[in-house]
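**Student:** How does the following fold in three dimensions:
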Amino acid sequence: QAFAELNGAHLKFVEDAARLLYREFDGDRRIADFRIACSHLESLHSHDAVSVINKGLPSGLSADFSAFRDLIC
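**Tutor:** Just a heads-up that it's a prediction; the model follows:
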């Protein structure tokens, strides 16, 4: 129960994780372009939560993502 209470006190959705990673990658001058795909393997729902974000360069990587099966461990 202590784990559940601690976990509930620090909620983070998959979208939050993607935004945190975006800030880190975007702030690193060594990284020219990127696409981040995060997945939360659901235990309560019949589907997983997925968030995809990219740097947004005009001719760079797009946010189109279809390799969702690659996110499953």
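
**Student:** so where's the chain shaky on pLDDT?
**Tutor:** Scanning the chain for pLDDT under 70 picks out 7, 71-73.

**Student:** Which neighbouring elements make contact with the longest helix seen in it?
**Tutor:** Longest helix in the chain by number of residues (criterion: DSSP state H): helix 14-26. Where contact means 3 or more C-beta pairs under 8 Å, 6 or more residues apart in numbering; DSSP states H and E, helix 14-26 is packed against strand 35-40, strand 49-54. No exception for glycine: its C-beta is placed from N, CA and C like everyone else's.

**Student:** Note down every partner strand of the last one and its orientation.
**Tutor:** In other words, strand 49-54. Next to strand 49-54 in the sheet, as set by DSSP bridges, lie strand 35-40 (antiparallel).

**Student:** tell me the angle the strand it pairs with makes with helix 14-26.
**Tutor:** Strand 35-40 and helix 14-26 are oriented at 150 degrees to each other (axes from the mean of the first three to the mean of the last three C-alpha atoms, to 10 degrees).
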